[in-house]
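Peer 1: sharing a sequence plus its predicted fold:
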Amino acid sequence: MKIETLTVHAGHSLTPNENEPIVPAITLSTIFERAEDCSYKHGHIYTRASNPNRRALERALVELEGGKAAAAFASGSAATLAVFQALAPGDHVIATEGFYGTTKLLLDVMKPWGLECSLVNTSDLGLLRSAIRPTTKLIWLETPSNPQMRVSDIAEVAKLAHSSGARLLCDNTVGTPILQRCFELGADMVMHSTTKYLCGHSDVLGGAIVSREDDAFFQKIRMIQSAGGAVPSPFDCWLLHRGIRTMSLRVRTQAENALAIAKFLAGHPAVEKSLYPGLETHPGHDIARKQMKQFGGLLSFLVRGGREQAIRATTGLRIIRRASSLGGTESTIEHRASVEPPNFGTPEGLLRLSVGIEHVDDLIADLEQGLSKV
Ligand SMILES: *Cc1c(COP(=O)(O)O)cnc(C)c1O
């Protein structure tokens, strides 16, 4: 089945059942009745461990990514933490210098717990190779990276990981299962902040781990999910599952809009640099073209002058909203350096733009007038 069909049907019954609701019910009950022989016929005991809406969502995620098992969490960060907690103190993780939240979990939560970690610009395979240690158990790859939009070669990193006895996990939040097929490129696991493109409407917080194999490592993540309880509510699962139905339309439009906007920004005199893998001038363009169907809905750009000019460029916008996060139907813009700690590495002049599904002419006109204030 093609991905457009899957996004509509994944996790829903594909074998017709008379009188089955086409839109699933929301099961709010936290408890499920046992049979007379004390068994639980449908496998649900207590909602921390499983729930019909979460199970349907997890089934959808497995089908969308083409894996074997999935675990849904209350946020992308909770999903990330579960993977790190499934490792052992003394294990070494290499992670892409990318999303600040993942870095924070590694340095401020997992390092004191005993996990060793290296943050690397994984778009440079030489740097990555030299960071590998005998204790490296996991490479956490984020491509395209948020917010610097660096592209890493998933297939090459998979080879490197496997020849060193490590697993490869791809944070596919920005790539999405529509545009970037991580398992086909050799990844062992995929992580999503489902808050972003899978939900698509900026109204649910969620995360997920999808695994290519239902192996012992995944079972540990499953155990942490149910024992730790950082799980999404039935209503959040239902909303996410509903959002997924339109994902292919949203993501395609967002990627088309983003490419046109990136080109517009590249030619604007107030813009020092437009950072988007879809531009031929982007250093990761050839790799992105090889491993992505389109280049996604997220882009960044450097405003000439730096911090003050970048912030000023956002104040005159009327359609594009100043807000964090990404992946919604509405376009949002953020000055990342002012929400990240000092010296994190994001340039002061950088604005990150999450491109929505509005008409691209309106978005470009909005940016034009914002940049005229610089
Ligand atoms: C948002 C985000 C996360 C974290 O997910 P939350 O749902 O906000 O906890 C992780 N990785 C990337 C690339 C993200 O954009």
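Peer 2: Everything's here; your move.

Peer 1: going by C-alpha atoms from here, please, whenever you check contacts or count neighbours.
Peer 2: Noted.

Peer 1: pLDDT weak spots in this structure?
Peer 2: By pLDDT under 70, the low-scoring segments of the chain are 14-16.

Peer 1: show me where it has its strands.
Peer 2: With DSSP state E, the ranges of strands along the chain come out as 69-73, 92-96, 116-120, 136-142, 167-171, 189-193, 207-211, 271-275, 298-303, 321-322, 332-334, 350-354.

Peer 1: taking the stretch 251-374 of the chain, what residue is nearest to the ligand?
Peer 2: Nearest to the ligand, among the residues of the stretch 251-374 of the chain, is Ser325, at 6.1 Å (Cα to the nearest ligand atom).

Peer 1: now the closest residue to that residue other than its chain neighbours: how far from the ligand?
Peer 2: Among residues not flanking Ser325 along the chain, Lys196 sits closest, at 7.2 Å (Cα to Cα, 6 or more residues apart in numbering). Distance, Lys196 to the ligand, using Cα to the nearest ligand atom, to the nearest Å: 7 Å.

Peer 1: close to the ligand: what parts of the stretch 151-300 of the chain are there?
Peer 2: Within the stretch 151-300 of the chain, the positions adjacent to the ligand are Thr173, Val174, Ser193, Thr195, Leu205, Gly206, Gly207 by Cα under 6 Å from any ligand atom.

Peer 1: for the closest residue in space to the first one that isn't next to it in sequence, give me its contacts.
Peer 2: In other words, Thr173. Take Thr173 and drop its neighbours on the chain: the residue closest to it by Cα to Cα, 6+ apart is His192, 4.8 Å away. By Cα atoms under 8 Å, 6 or more residues apart in numbering, the contact set of His192 is Gly76, Asp171, Asn172, Thr173, Gly207, Ala208, Ile209.

Peer 1: any chance you could map the helices in the stretch 251-374 of the chain?
Peer 2: For the stretch 251-374 of the chain, applying DSSP state H, counting those that start in this stretch gives helices covering 285-291, 307-315, 360-371.

Peer 1: out of those helices, nearest to Ala270?
Peer 2: Smallest distance to Ala270 across these (Cα to Cα): 6.5 Å, for helix 360-371.

Peer 1: buried residues in the closest one, which are they?
Peer 2: Buried residues in helix 360-371, defined by neighbour count with 16 or more other Cα atoms under 10 Å: Val360, Leu363, Ile364, Asp366, Leu367, Glu368, Gln369, Gly370, Leu371.

Peer 1: next one: stretch 76-92
Peer 2: By neighbour count on 16+ other Cα under 10 Å, the buried set for stretch 76-92 is 76-87, 91-92.

Peer 1: please apply the same query to stretch 242-256.
Peer 2: For stretch 242-256, a neighbour-count test (16+ other Cα under 10 Å) marks 242-248, 250-256 as buried.

Peer 1: only alpha carbons, please: show it as CSV.
Peer 2: What follows is stretch 242-256, C-alpha atoms only, in CSV (Å, rounded to 0.1, in the frame of the first residue of the first chain):
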residue,chain,number,x,y,z
ARG,A,242,-7.1,11.7,13.5
GLY,A,243,-4.3,14.1,12.6
ILE,A,244,-2.3,11.4,10.8
ARG,A,245,-5.2,10.9,8.3
THR,A,246,-4.3,14.2,6.5
MET,A,247,-0.6,14.1,7.1
SER,A,248,0.4,13.3,3.5
LEU,A,249,-1.5,16.3,2.1
ARG,A,250,-0.2,18.6,4.8
VAL,A,251,3.5,17.5,4.6
ARG,A,252,3.6,17.7,0.8
THR,A,253,2.1,21.2,0.8
GLN,A,254,4.4,22.3,3.6
ALA,A,255,7.5,21.0,1.7
GLU,A,256,6.4,22.7,-1.6
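
Peer 1: tell me how many other residues surround Glu156.
Peer 2: 12 (other Cα atoms under 10 Å).
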